[in-house]
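**Q** take this sequence and fold it.
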Amino acid sequence: MKTTQTNSKYVEWLSAEEMHEASKEWLSELLFIRDEHLFFEDLIKSYTLQLIEPEKFSDNIEVIDVLNRSQKRNNLLIEAIKVHENELQIIVDGVNQLKEEKAYRDSHKGLVSEIKEFQTNYRNLKTQLFDIIKNIKKEDKRNHLLDNK
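**A** Numbering: from 1, shown residues only. Predicted structure coming up:
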């Protein structure tokens, strides 16, 4: 995965094409994350009984809540990037609109930070979800082995 620099001087010198490519990449990643969210929802539904066991319930419900907030944030970022892409016209229209162009570049810089933060939080969420499911699977396997004895 490519790292996007967040240095403000760097963003000021990005071309319209570079900002367009970054936006397309973000949108692609966020749409993929939206599909992953659906996968996680199905996974949670499959293991509902194990997730609501009293001794693990509070931790599991917290992770599920974080997943729901992540879905909402993802959808908001998708919409923000679509709007951002549509506003790229300000940069490429050939008309000098320095104030609007600066605002667009500032918006792009803000999105760089938001996307980076979202991706970091999302990776942590995925790790937690996989750990929960891994532990459920181990316990199921252990119980299955005990039942066979």
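**Q** give the contact list for Phe40.
**A** For Phe40, the contacting residues are 67, 129, by CB atoms under 8 Å, 6 or more residues apart in numbering. Every residue, glycine included, has its C-beta placed from N, CA and C.
**Q** helix, strand, or coil at Leu14?
**A** Following DSSP: H, G, I helix; E, B strand; the rest coil, we place Leu14 in the coil state.
**Q** my read: it touches Arg105, true?
**A** Yes - taking contacts as CB atoms under 8 Å, Leu14 lies within contact range of Arg105: 7.4 Å.
**Q** residue contacts, Leu67?
**A** Leu67 makes contact with 37, 40-41, 44, 125, 129, according to CB under 8 Å, 6+ apart.
**Q** show me the residues you listed that map onto helices.
**A** Mapping those onto helices (DSSP state H) picks out 37, 40-41, 44, 125, 129.
**Q** need the pLDDT of the closest residue to Ile52 other than its chain neighbours.
**A** Distances taken as CB to CB, 6 or more residues apart in numbering place Asn60 nearest to Ile52, at 7.4 Å, with adjacent residues excluded. Looking at Asn60, its pLDDT stands at 85.
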